[in-house]
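[1] build me a structure from this.
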Amino acid sequence: MNSEAGYRDLEFQYVTARLNVLYARVRAGEASPVLRERIARLEALQQALCGFPEALAA
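    Below you'll find the model as predicted:
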């Protein structure tokens, strides 16, 4: 594995962990617009890391 792929994997794991925390907050009843916006941004970043950079344009 080259260093770029390793970095991308680590970034994906970090984004996934952050999303899991935010999803838990939504399940706990916190559903503010700011929270939903953060989730949308992290989901777009996650899609870009999976090879779909056009997701960041949304």
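
[2] ok, the spatially most central residue of the chain - contacts?
    Taking C-alpha atoms, centre = their mean, the centroid of the chain lies closest to Leu42, which sits 3.0 Å from it. Shown in contact with Leu42 (C-beta atoms under 8 Å, 6 or more residues apart in numbering): 15, 18-19, 22. (Glycine included, C-beta is placed from N, CA and C.)

[3] go on, Leu10?
    By C-beta under 8 Å, 6+ apart, Leu10 has no neighbours at all.

[4] of the contacts of Leu42, keep whichever come out buried.
    By neighbour count, with 16 or more other C-beta atoms under 10 Å, the contacts of Leu42 hold 15, 19, 22 as buried.

[5] the last one contacts Glu37, correct?
    No - with contact defined as C-beta atoms under 8 Å, Leu22 and Glu37 do not form a contacting pair (10.5 Å).

[6] could the buried ones among the contacts of Leu42 go into a markdown table alongside pLDDT?
    A markdown table is the format used below for the buried ones among the contacts of Leu42 (pLDDT from 0 to 100):
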| residue | pLDDT |
| --- | --- |
| Val15 | 97 |
| Leu19 | 98 |
| Leu22 | 98 |
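
[7] between the residues you listed, which is nearest Ala57?
    Val15 (17.5 Å; C-beta to C-beta).

[8] how about that closest one: what's its closest non-neighbour residue?
    Take Val15 and drop its neighbours on the chain: the residue closest to it by C-beta to C-beta, 6 or more residues apart in numbering is Gln46, 5.0 Å away.

[9] ok, the one you found - contacts?
    Gln46 neighbours (C-beta under 8 Å, 6+ apart): 12, 15-16, 19.

[10] show me what counts as buried in stretch 33-49.
    Those would be 39, 42, 44-49, for stretch 33-49 by 16+ other C-beta under 10 Å.

[11] and that stretch, average pLDDT?
    Across stretch 33-49, pLDDT averages out at 95.

[12] sounds good, over and out.
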